[in-house]
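Asker: I would like to see how this sequence folds:
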Amino acid sequence: MRPRSGSLAGCMAVVVLLVATACTGGGSGSLATPGAASRSRAASAPPCHGCGSTVVAAAGSWPKCLNPITSCADDPWYRYMFKALVFPRLTQWSSQMDLEASPLITEVPSAANDGITQKPFTVTYHLNPKAVWADGTPITCDDVAFTWAAMLNTTGTIQIAPFDFGGAPPLTKVECPVPGTVKLDFVKIFVPWPNLFGGADGFVLEKRVFADAPGFPDRPDLKDAFAGSIPFSGAPWVLKQWGGDQAVFVRNARYWDRKPSFDQISFIPKATTDQEAALRGADVDLVFQPAPTATPSAGFRSDSSLGVATGPDSHVDALWFNLDDPVVGDPGIRQALAYAFDRDVVAQGVPGLIDPNAKRDDCGPWVPRQGPWCPASGSFAAYSYDAARAMTLLQRAGYDCSAVADGGLCTKNGRPLTITVSTTIGDVGRATAVSLLETSALAAGVDIQLQTYPSTELFSERLPKGAFQVALYTGDPGVWPQAYYEGDPSVSSMFTSY
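Answerer: All right, here's what the predicted structure looks like:
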């Protein structure tokens with residue numbers, strides 16, 4: 001997980017759902033429901049490359065544009081479709097949150113292989129000599145250096161704030177001693193270095209195709225460079241067509257690593273509430289849900305031509321608190337909410353309806369058993385549902401909770417304690433989660449209200465601008481230890497959301 005903008009640097013997370021359900025094969029998300037209907041295209045696809053096989057998938061939201069440098073990239077489905085399928089990256093995280101080399105590099109830099117020095121702090125990558133763009137030209141250090149220049153100079157960039165040191169970019173320069181070697185010179189030791197040009201959100205651009213951009217090559221402004229297309233690929237797929245109703249990807253014939261099993265994959269926007277009907281009607285071949293959104297119906301489960309697959313993954317559904325808000329900016333209020341929210345009921349009532357083994361996540365932004373950051377008993381294990389304790393904390397914060405026993409709310413200066421949770425519109429699972437939280441919090445004298453927005457508005461506008469009180473959405477941890485924990489990793493600690 002990475003911060004999306006500087007304005008979100010004050011957000012704090014209380015994990016609500018245990019994310020013990022996810023897609024098969026270690027892909028992104030907390031729940032995937034891929035189904036292949038016998039009457040659909042996928043079921044009859046030949047098991048070979050180049051045989052005209054296609055697959056159609058449903059997308060739960062739709063990016064408003066294609067630029068990876070600007071707020072276009074804030075939509076989660078931008079990552080699932082474009083970053084995952086088209087853009088090359090230097091490093092990547094496995095489904096167990098282990099740092100690994102992407103197909104673009106030969107090995108992960110470390111002190112042991114002389115890829116990392118501490119004084120000064122540098123990271124050196126060796127590019128895979130087989131790596132080429134879809135046009136056949138080699139992927140070189142110049143492309144990485146150009147990507148950094150574009151991140152610095154593109155109007156509306158959101159790529160620098162997550163990595164800066166008090167307004168200063170983390171890199172002093174990108175050195176290219178030879179075309180196949182990338183040396184990153186940092187201002188100082190930079191713990192999340194794998195996420196720069198890599199990780200879950202990092203990327204590399206093909207320099208050559210932007211020769212007509214303003215400021216090329218040293219100060220390129222790519223604000224208008226992705227108008228309706230991504231004119232390159234260094235990954236398994238090439239974007240052939242994109243619009244408001246579909247995105248079509250074809251297999252990259254020049255990709256040097258593992259080839260896709262299909263020649264073409266198309267995504268069409270489908271609200272999560274419509275996805276089961278689309279799958280059963282063979283409008284789509286598969287549905288990928290990166291978080292639990294709806295329980296498959298009895299008819300779905302009894303249909304032998306359809307299937308549901310779930311499993312562990314590296315994403316969490318969490319409540320992200322805006323620390324600039326006058327109410328939830330108070331650590332005492334946040335701690336009270338941690339006791340007022342019955343996370344066990346939510347885990348059983350949302351992902352548990354699909355995966356009976358779903359449990360709450362006590363590891364904060366981390367995922368249990370993934371990476372070394374979550375012990376057997378996570379730091380959030382201390383926060384089990386306790387309405388009485390929540391009221392005690394609220395009273396310490398100046399609230400009058402005397403009316404709660406009669407079904408009332410805690411008040412302060414005559415105003416009831418109301419918390420508004422913002423999430424994506426049409427997401428049945430999250431709406432159910434908020435409803436369950438509302439029930440448990442009411443016993444502690446807290447009124448919970450749900451506010452929904454289109455995905456693009458929530459992620460591209462409201463969250464980056466801090467226009468929310470509490471937000472519920474899926475995040476992936478990545479590795480940002482110095483950003484997440486400031487002191488004791490308890491509910492009063494500050495986290496940075498993306």
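Asker: Enumerate every residue touching residue 453.
Answerer: Counting by CB atoms under 8 Å, 6 or more residues apart in numbering, residue 453 makes contact with 422, 423, 424, 425, 462. C-beta: built from backbone N, CA, C; applies to glycine.
Asker: ok, it to residue 78 distance?
Answerer: Separation of residue 453 from residue 78 (CB to CB, to the nearest Å) stands at 17 Å.
Asker: can you check residue 127 too?
Answerer: Residue 127 sits 25 Å away from residue 78, going by CB to CB.
Asker: what do you get for residue 384?
Answerer: According to CB to CB, residue 384 stands 37 Å off from residue 78.
Asker: Over to residue 388?
Answerer: 44 Å.
Asker: Spell out which residues sit in contact with the closest residue in space to residue 239 that isn't next to it in sequence, please.
Answerer: Of all residues not flanking residue 239 in the chain, residue 230 sits nearest, at 4.7 Å (CB to CB, 6 or more residues apart in numbering). Taking CB under 8 Å, 6+ apart, we find residue 230 in contact with 66, 82, 86, 87, 239, 242.
Asker: let's see it at 10 Å
Answerer: By CB atoms under 10 Å, 6 or more residues apart in numbering, residue 230 lies in contact with 66-68, 82, 85-87, 205-206, 209, 238-239, 242, 249.
Asker: Quick check: pLDDT value at it.
Answerer: On the pLDDT scale, residue 230 is placed at 96.
Asker: same deal with residue 117?
Answerer: Listed pLDDT for residue 117 reads 96.
Asker: got the phi/psi numbers for it?
Answerer: For residue 117, the backbone dihedrals (degrees, to the nearest 10) come out as phi -120, psi 150.
Asker: okay, residue 384 and residue 78: which has more neighbours?
Answerer: Set residue 384 next to residue 78 and count neighbours by other CB atoms under 10 Å: residue 78 wins out with 25 against 14.
Asker: And what about that one, helix, strand or coil?
Answerer: Counting by DSSP: H, G, I helix; E, B strand; the rest coil, the backbone at residue 78 sits in helix.
Asker: what does the one 5 residues further on give?
Answerer: At residue 83 the chain is in helix, as set by three-state DSSP.
Asker: Check residue 277 too.
Answerer: Quick answer, by three-state DSSP: residue 277 is helix.
Asker: who touches it in this structure?
Answerer: Listed by CB under 10 Å, 6+ apart, the contact set of residue 277 reads 270, 283, 284, 297, 300.
Asker: any idea how far the third one lies from residue 140?
Answerer: In this structure, residue 284 and residue 140 are 38 Å apart, going by CB to CB.
Asker: in stretch 175-190, what's buried?
Answerer: 176, 180, 182, 183, 184, 185, 186, 190 (16 or more other CB atoms under 10 Å).
Asker: Quick one: end-to-end distance for that stretch.
Answerer: Stretch 175-190 has its terminal residues 17 Å apart, counting by CA to CA, to the nearest Å.
Asker: Repeat that for stretch 323-342.
Answerer: End-to-end distance for stretch 323-342: 22 Å, by CA to CA.
Asker: average pLDDT across it?
Answerer: In the prediction, stretch 323-342 has an average pLDDT of 94.
Asker: where do the helices sit along the protein?
Answerer: 76-78, 84-85, 141-153, 275-280, 298-302, 331-340, 343-349, 387-396, 428-442, 455-457, 463-465, 481-484 (DSSP state H).
Asker: and those, which one is worst for confidence?
Answerer: Among these, helix 481-484 scores lowest, at a mean of 38.
Asker: which intervals of this protein have sub-threshold pLDDT?
Answerer: Scanning the chain for pLDDT under 70 picks out 1-52, 95-96, 161-167, 290-296, 310-314, 365, 367-373, 476-498.
Asker: Now do the strands in the stretch 151-300 of the chain.
Answerer: In the stretch 151-300 of the chain, the strands defined using DSSP state E, counting those that start in this stretch lie at 171-175, 181-186, 237-242, 247-251, 264-269, 286-287.
Asker: same question but for the stretch 351-498 of the chain, I mixed them up
Answerer: Assigned by DSSP E, counting those that start in this stretch, the strands in the stretch 351-498 of the chain fall at 411-412, 415-416, 418-424, 447-453, 470-475.
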